[in-house]
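Colleague: Sequence and predicted structure, then a few things I'm wondering about:
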Amino acid sequence: MSAIEDLIKTVAALREPETGCPWDIEQDHQSIAECLVDECCELLQTIDRLDMDHMEEELGDVLLQVVMHAQMAQEAGHFDFESVCREVNEKLVRRHPHVFGQGDLSSSEAVLVQWDQIKATERKRGPAQSGKFKDLPNQLPALMYAKDVYKQIQKQQMPAETVIDQAAIDAAADGIDEASLGKQLFEIAAACRAKGIDPESALRRYTQNVVDTLEQV
């Protein structure tokens, strides 16, 4: 039996109503959602530090969350861990025809363009969706959310002049590097604390205003 099969069996045993763990039995998708966030943050810390001694453990903790959600879904008759793996594997094969089919892409940029094209085709075949930013979960940390919103503005060439100052963005980007950006962001965070402002909330609200405005254009 493989290690992943052992893990699936262990999680199923923890969830067994009569003989399992009371805490695990009581959980549902919503109640353990924060655990996934916590485990991902701990994993990111090991990645940032290139701490291989602990990265293996943190990867396992993230995997446990995936297996737990899949087990809950299986109990409710929706899907299981195998179908989750099958779905993502089929997606990877489908979106990499230059590896698993025909074609030859020589750069990462070309790969990303093709990925977006295939993704757009898949979206058209699926249920109709509305909204320019439908693929961007606003649960992302505010800075990531803002970056992804701006990425979509650029990709879709949205008329965003009423909500963002492109000239100011270009001027701020001129000569910027990681160290100077880190310094600026730290100073902004410090200034927010001095003024009693939550920078996460401030950025999230402003970004959401950008999204809401452009959805109406």
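Modeller: Okay, I see it.

Colleague: In three-state terms, label P17 for me.
Modeller: coil (DSSP: H, G, I helix; E, B strand; the rest coil).

Colleague: Quick one: residues contacting the residue most central in space within the chain.
Modeller: Geometric centre of the chain, nearest residue: L140, 6.9 Å, by CA atoms, centre = their mean. Contacts for L140 were tallied using CB atoms under 8 Å, 6 or more residues apart in numbering; they are D148. Heads up, the C-betas are built off the backbone N, CA and C, glycines and all.

Colleague: Just want the phi and psi numbers for it.
Modeller: phi -60, psi 150 (degrees, to the nearest 10).

Colleague: Would you mind writing the CA trace of the lowest-mean-pLDDT helix or strand in the chain as PDB?
Modeller: Across the helices and strands of the chain, mean confidence by mean pLDDT, DSSP states H and E is lowest for helix 108-125: a mean of 84. The C-alpha trace of helix 108-125 is given here as PDB (Å, rounded to 0.1, in the frame of the first residue of the first chain):
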ATOM      1  CA  SER A 108       7.700  30.700 -20.400                       C
ATOM      2  CA  GLU A 109       5.900  33.800 -21.900                       C
ATOM      3  CA  ALA A 110       4.600  31.700 -24.800                       C
ATOM      4  CA  VAL A 111       3.500  29.000 -22.300                       C
ATOM      5  CA  LEU A 112       1.500  31.500 -20.200                       C
ATOM      6  CA  VAL A 113      -0.200  32.900 -23.300                       C
ATOM      7  CA  GLN A 114      -1.200  29.400 -24.400                       C
ATOM      8  CA  TRP A 115      -2.400  28.600 -20.900                       C
ATOM      9  CA  ASP A 116      -4.700  31.600 -20.900                       C
ATOM     10  CA  GLN A 117      -6.000  30.800 -24.300                       C
ATOM     11  CA  ILE A 118      -6.900  27.200 -23.300                       C
ATOM     12  CA  LYS A 119      -8.400  28.400 -20.100                       C
ATOM     13  CA  ALA A 120     -10.600  30.900 -21.900                       C
ATOM     14  CA  THR A 121     -11.800  28.100 -24.300                       C
ATOM     15  CA  GLU A 122     -12.600  25.900 -21.300                       C
ATOM     16  CA  ARG A 123     -14.500  28.700 -19.700                       C
ATOM     17  CA  LYS A 124     -16.700  29.200 -22.800                       C
ATOM     18  CA  ARG A 125     -17.600  25.500 -22.800                       C
END
